[in-house]
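1. sequence and predicted structure below; questions after.
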Amino acid sequence: MEKTEQPKGKAEESQSRCLSCGVTSASRPLVQLEFRGEERWVCVRCLPILIHGGG
Ligand SMILES: [Zn+2]
């Protein structure tokens with residue numbers, strides 16, 4: 001059995017996270033985008049939500 005979950009306790013701040021749900025690219029593909037001149041990341045699950053303006 002493979003263990004995909006990473007142990008808790010060590011939060012890597014340099015890791016990209018979805019701006020909506022906070023998931024990392026380790027769990028779900030992230031798409032890079034630019035928002036107000038800043039680099040942001042959003043996962044493929046939250047991207048449709050942003051497109052539809054649900055926030
Ligand atoms: Zn997300």
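-> It's in. Numbering: from 1, shown residues only.
2. for the protein, what lies in contact range of the ion?
-> Listed as neighbours of the ion in the chain under the rule C-beta under 5 Å from the ion: 18, 20-21, 43, 46. In short, each C-beta sits where N, CA and C put it, glycine included.
3. Pro29 touches Cys43, doesn't it?
-> Yes. Using C-beta atoms under 8 Å, Pro29 is in contact with Cys43, at 6.7 Å.
4. can you give me the distance of the spatially most central residue of the chain to Cys46?
-> When C-alpha atoms, centre = their mean is applied to the chain, the residue found nearest the centroid is Cys18 (2.2 Å). Distance of Cys18 to Cys46, computed by C-beta to C-beta, to the nearest Å: 6 Å.
5. now the end-to-end length of stretch 30-47.
-> 9 Å (C-alpha to C-alpha, to the nearest Å).
6. list the buried ones in it?
-> 30, 40-43, 46-47 (16 or more other C-beta atoms under 10 Å).
7. out of those residues, which are inside helices?
-> Among these, the subset assigned to helices under DSSP state H consists of Leu47.
8. and the buried residues of stretch 30-47 as JSON lines, adding pLDDT?
-> Shown next, in JSON lines, are those (pLDDT from 0 to 100):
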{"residue": "Leu30", "pLDDT": "96"}
{"residue": "Arg40", "pLDDT": "92"}
{"residue": "Trp41", "pLDDT": "94"}
{"residue": "Val42", "pLDDT": "94"}
{"residue": "Cys43", "pLDDT": "96"}
{"residue": "Cys46", "pLDDT": "93"}
{"residue": "Leu47", "pLDDT": "91"}
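9. contact partners of stretch 34-44?
-> 16-21, 23, 25, 28-33, 50 (C-beta atoms under 8 Å, 6 or more residues apart in numbering).
10. just how off-centre is the helix or strand of the chain with the lowest mean pLDDT within its chain?
-> When the helices and strands of the chain are scored by mean pLDDT, DSSP states H and E, helix 47-51 comes last with a mean of 86. Distance of helix 47-51 from its chain centroid, counting by C-alpha atoms, centre = their mean, to the nearest Å, is 13 Å.
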